[in-house]
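Novice: this one's structure only:
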C-alpha cells in the first residue's frame, strides 16, 4: 500500500472505498464502481490515479476484486489485487503523443503518404494521397486493403486501360507494391502522372510516398520534342555540329551530330567516349597547327577557324573547314559550339582552277584573251588594255569600268551573267563562268567567254575577284553554222521521205 499510494497501511484500515476516494466520488467510473460494491459484484481492471510523486506526477493503479462470503452466505468483503501501472500509462501517453505528431506531420507533407500494415491494410494516409485518387476517396479509409483500392480505382475510371492492359497493370502494380523497392510511375485517366516510392518496414508493413510529377513529365516531353527537333535540324546541316569542353583532363566532346559518320567514318557515341579518335585522324602535318589554334582560342576566348586535312576510317584524305565559338564556364572550363564541314570538293576545284589558270596564263600570251580584276569592296574594276579597247573604255577610271562594261552587254544576256556572278559570290558555285555577248567599239556584238575566281576572308565573304574574257565569236559562228547545216540536212531528209 505504501508503494502504490504513498500511505501507511493504517490509513486504509477501517475505511470504506467511498471515504478513501471521496474526491473522485462524482466521476462516472466511480459511480459504476460503487454500484458494483453495493451489489457485491466482482470488478475487474478498475484504473485510476492515486497519490502523486515528489515531482507532482500521479501514480496509476489498476485494481480487480471478487466478493467473498461465509458459509451462511453473508457478505464479508472483497479480496483482490492492485497493481502499479504508471509506467504502462506513461508509455501509452507518450505513444499517443507520438502518434498525434506522426498524423500531423503526414498531414502537412506536400506529397501523398500512405502507411499499410503487414496485412496490407491501410493504417493512415493524408489528404494529398486522397486527392490523387478522387474517384475512390470514399474507399480510402483505415482498414482498406491495397488490392481493393487498386481494383476500385480501375472500376471507377481512374485509369484508362483496355481489359488486357488492366490485368497487366494490376499484376505489375501489386508486384511493385509487395516488393516495395525503388520507384514506379503510372498515368491517370485525367492525364496526370504519379510517381510512387515505396519501402518495406521492419514490421512487414509498407510506407509509400505518392508524388504528382505531371509538370516534370510535361517538361520532359517538351525537352524530348526539342531534342528531336534539334537532332533533325543538325542531321540536315552538312558536316559535323559539335560541342566540346576543355578542362583539367583535356578536351572532350559532349555532343556530336550524325554528320560525323560521313565526315570521319565515326559514330557520334565513339567520339563522345574517346575524343582522341578524331585527333589521330588529323593529318600529321596539320596536328600541331590544330592544337595550337584550340589552345589560343581557349586562352583568348576568340572564335577559331581552320582548314586542315583528315583521314576517314577508310584512309581517304579529306579537307575540313572547322569553326567554333568558345564560351567560359563558371567552373573555369571552356566550351566550344562549332561546326566542321568537308571542303574537299572546294579544294579540288581550287587546285583545278589554279592549274587551269597557270595553263591559261601560259596560253594567253599567244591567245586572244584579256584579263580583268575586280576589287569588290570598292567597286573598282581593272581591265587589260585589249578589253578596254574592245568596249571603248580606254579613258575610263577604275570605278567606272565595271559600269561601262555592264552597259555594253547584250540586253538578253545581262540577267544570266548577273545570276552566274551572284552564284559564285555567295558560294553556290566554286568558280564564275558565263558566255554572253558584248558590244564592241565598232558597234558589233561579239561572243565572249568570261570566267573568274573570288578570294574570300575568314568569314567566307568575297572581297576580290579576278578572271579573263576571251573572244569566242568564231566558235559561236561555227556552232551556229553547224546547227544550221544540221537543220538543213534534217529538212532535206524529211522532204525526201515525203516524196
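Specialist: That came through, no problem. From a predicted model like this one, the values you see are computed outputs, not experimental measurements.

Novice: what ranges in the stretch 151-300 of the chain fall below the confidence cut-off?
Specialist: Within the stretch 151-300 of the chain, the stretches with pLDDT under 70 are 233-236.

Novice: tell me where the stretch 101-250 of the chain has strands.
Specialist: Listed in chain order, the strands of the stretch 101-250 of the chain (DSSP state E, counting those that start in this stretch) span 112-116, 122-125, 183-187, 193-200, 206-212, 240-247, 250-256.

Novice: of these, flag the one that's most buried.
Specialist: strand 112-116 (a mean of 22; mean count of other Cβ atoms under 10 Å). Backbone N, C-alpha and C define where each C-beta goes, glycine included.

Novice: neighbouring strands for that strand, and are they parallel or not?
Specialist: strand 122-125 (antiparallel), strand 206-212 (antiparallel) (DSSP bridges).

Novice: tell me the mean pLDDT over the first one?
Specialist: Averaged across strand 122-125, the pLDDT comes to 88.

Novice: who are the packing partners of the helix or strand hosting residue 63?
Specialist: Element membership for residue 63 (DSSP states H and E) is strand 58-69. Counting contacts by 3 or more Cβ pairs under 8 Å, 6 or more residues apart in numbering; DSSP states H and E, strand 58-69 is packed against helix 2-5, strand 43-52, strand 75-84, helix 86-108.

Novice: give me the angle between the second one and strand 75-84.
Specialist: To tie it back to what came earlier, the one meant is strand 43-52. Taking axes from the mean of the first three to the mean of the last three Cα atoms, to 10 degrees, one finds strand 43-52 and strand 75-84 inclined to each other by 60 degrees.

Novice: pull up the pairing partners for strand 43-52, direction included.
Specialist: strand 58-69 (antiparallel).

Novice: what average pLDDT does the partner strand get?
Specialist: On average, strand 58-69 scores 87.

Novice: any idea how far that strand is from the chain center?
Specialist: Centre-to-centre, strand 58-69 and its host chain are 73 Å apart (Cα atoms, centre = their mean, to the nearest Å).

Novice: mind listing what's buried in that strand?
Specialist: Neighbour counts using 16 or more other Cβ atoms under 10 Å place 59, 60, 61, 62, 63, 65, 67 of strand 58-69 among the buried residues.

Novice: what distance do you get for the last one to residue 41?
Specialist: I take that to be residue 67. 7 Å (Cβ to Cβ, to the nearest Å).

Novice: tell me who's in contact with residue 110.
Specialist: residue 128 (Cβ atoms under 8 Å, 6 or more residues apart in numbering).

Novice: residue numbering should commence at 50 henceforth.
Specialist: New numbering, starting at 50: the last item is residue 159.

Novice: measure it to residue 180 for me?
Specialist: Counting by Cβ to Cβ - residue 159 and residue 180 are separated by 11 Å.

Novice: one more: residue 236?
Specialist: Distance, residue 236 to residue 180, using Cβ to Cβ: 17 Å.

Novice: I'd like the next helix or strand past the helix or strand harbouring residue 422.
Specialist: Using DSSP H and E, residue 422 falls within strand 418-424. Downstream of strand 418-424, the first helix or strand assigned by DSSP H and E is strand 429-432.

Novice: residues touching stretch 461-474, excluding its own?
Specialist: With contact meaning Cβ under 8 Å, 6+ apart, stretch 461-474 is reached by 425, 455, 458, 478-483, 485-486, 499, 501-503, 511, 514.

Novice: show me which of the residues you listed are buried.
Specialist: By 16+ other Cβ under 10 Å, those give 458, 479-483, 485-486, 499, 501-503, 511, 514 as buried.

Novice: ok, so of those, who is nearest residue 225?
Specialist: Taking Cβ to Cβ as the measure, residue 225 lies nearest residue 479 of those, at 63.1 Å.

Novice: thinking the closest one is in contact with residue 400, fair?
Specialist: No - taking contacts as Cβ atoms under 8 Å, residue 479 lies outside contact range of residue 400: 10.8 Å.

Novice: can you list which of the contacts of stretch 461-474 are found in helices?
Specialist: Secondary structure from DSSP state H places residue 455 of the contacts of stretch 461-474 in helices.

Novice: and the contacts of stretch 202-214?
Specialist: Residues from elsewhere that reach stretch 202-214, judged by Cβ under 8 Å, 6+ apart: 182, 184, 185, 215, 218, 219, 235, 236, 237, 238.

Novice: mark which of those are buried, thanks.
Specialist: Counted by 16+ other Cβ under 10 Å, the contacts of stretch 202-214 give 182, 184, 185, 218, 219, 235, 237 as buried.

Novice: how much space separates the nearest residue to residue 516 once chain neighbours are set aside from residue 462?
Specialist: The shortest distance from residue 516 to any non-neighbouring residue, by Cβ to Cβ, 6 or more residues apart in numbering, is to residue 501 (2.3 Å). Between residue 501 and residue 462 the distance is 16 Å, computed by Cβ to Cβ.

Novice: I'd like the buried ones among the contacts of stretch 202-214 written out as a markdown table, with distance to residue 262 added.
Specialist: Below are the buried ones among the contacts of stretch 202-214 laid out as a markdown table (distance: Cβ to Cβ, whole Å):
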| residue | distance to residue 262 |
| --- | --- |
| 182 | 15 |
| 184 | 19 |
| 185 | 20 |
| 218 | 18 |
| 219 | 22 |
| 235 | 11 |
| 237 | 11 |
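
Novice: and the residues you listed, which is closest to residue 264?
Specialist: In terms of Cβ to Cβ, no member of the buried ones among the contacts of stretch 202-214 lies closer to residue 264 than residue 237, at 14.2 Å.

Novice: mind checking how far the closest one is from residue 250?
Specialist: According to Cβ to Cβ, residue 237 stands 27 Å off from residue 250.

Novice: if you count neighbours, what's buried in the lengthiest helix in the chain?
Specialist: Longest helix in the chain, counting residues (DSSP H): helix 522-547. Of all the residues in helix 522-547, those buried under the rule 16+ other Cβ under 10 Å are 522, 525.

Novice: which of the buried ones among the contacts of stretch 202-214 fall within helices?
Specialist: Within the buried ones among the contacts of stretch 202-214, residues falling in helices by DSSP H are 218, 219.

Novice: residue 489 touches residue 497, doesn't it?
Specialist: No - contact criterion Cβ under 8 Å: residue 489 and residue 497 do not qualify, at 9.7 Å.

Novice: of the two, give the one with the bigger neighbour count.
Specialist: A count of neighbours by other Cβ atoms under 10 Å puts residue 497 above the other of residue 489 and residue 497, at 24 against 17.

Novice: in a strand, that's where the more buried one is, yeah?
Specialist: Yes - with DSSP: H, G, I helix; E, B strand; the rest coil as the criterion, residue 497 is part of a strand.

Novice: show me the contacts for it.
Specialist: By Cβ under 8 Å, 6+ apart, the neighbours of residue 497 are 484, 485, 486, 487, 518, 519, 520, 521, 522.

Novice: ok, back up a step: show me the contact partners of the strand holding residue 422.
Specialist: With contact meaning Cβ under 8 Å, 6+ apart, strand 418-424 is reached by 409, 413, 429-436, 439, 447, 451, 501, 512-520.

Novice: and that strand, which strands flank it?
Specialist: strand 429-432 (antiparallel), strand 511-520 (antiparallel).

Novice: and the closest residue to residue 91 other than its chain neighbours, what are its bridge partners?
Specialist: Nearest residue to residue 91 in three dimensions, chain neighbours excluded: residue 115, at 4.5 Å (Cβ to Cβ, 6+ apart). In this entry, residue 115 is beta-bridged to residue 128, by DSSP bridges.

Novice: looking at it, residue 115 is touching residue 128, isn't it?
Specialist: Yes - Residue 115 sits in contact with residue 128 when judged by Cβ under 8 Å, with a separation of 5.9 Å.
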